[in-house]
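**Q** Just to be clear, the model below is a prediction. Sequence and coordinates:
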Amino acid sequence: MASPWSKYVKEKSSQVENKFLGERFHDRLLLIRALTRNAKLNEEIEFPELKANGSQVGFDTIGDTILDFTIIDHFSQGSKKFERIRCSPEQLNDLREFYGNNLILHKFAKNSLKLQDYIIWGSDEKARKTWNDQRTDLLADCFEALLGAIYLDKGIKGVMKFMQKNQFFQNIDKISRR
């Protein structure tokens, strides 16, 4: 019989895997860590294993780097929209800055992915719905942490599959036109 912690990990992971990936994580604890806000670990929590597993701190740095790579790869290798375009280093940097902009990433994570529904928030963050504050880019870090976990578990091919499945570039283009 599975422990309550194991059931929690399976349930929480399955929701994210089904919504965003279409396949299972090899190491679901990586996914749980990427979803867990540090504020949650500063509280009295139901599962001591959650505290031992850690928070998303550091995963966002990995995810930020991986995001830069996917943006550069997308535009330098050519996509259907930008087939065979050879971008200059300056153009690639502008594209990387645009698609990696924290406020735009926050809007993508909030409106396209609804990532806030899957994050393991601290109780104060959850009560105040801090992700709704117009001045925040909080979900950008959460999105980057998720990318970091996907990379650590599935490699760059898994990240590319995630980006394609969730129509990252198309959705960012729509967000920027609003």
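**A** Done, it's in.
**Q** would residue 33 count as being in a helix?
**A** Yes - the assignment for residue 33 (DSSP: H, G, I helix; E, B strand; the rest coil) places it in a helix.
**Q** Is it in contact with residue 55, as I believe?
**A** Yes - counting by C-beta atoms under 8 Å, residue 33 does reach residue 55; the two are 6.7 Å apart. Using the backbone N, CA and C atoms, a C-beta is placed for each residue, glycine as well.
**Q** Now the most centrally placed residue in the chain. Its backbone dihedrals?
**A** Residue closest to the average C-alpha location in the chain (C-alpha atoms, centre = their mean): residue 143, at 2.4 Å. Per-residue torsions, residue 143: phi -60, psi -50 (degrees, to the nearest 10).
**Q** Just the buried residues of the one helix or strand in the chain whose mean pLDDT sits lowest, please?
**A** When the helices and strands of the chain are compared on mean pLDDT, DSSP states H and E, helix 89-99 comes out lowest with a mean of 88. The neighbour-count check on helix 89-99 (16 or more other C-beta atoms under 10 Å) flags 92, 95, 96, 99 as buried.
**Q** Kindly report the same for stretch 57-70.
**A** Neighbour-count burial for stretch 57-70 flags 59, 60, 62, 63, 64, 66, 67, 68, 69, 70 (criterion: 16+ other C-beta under 10 Å).
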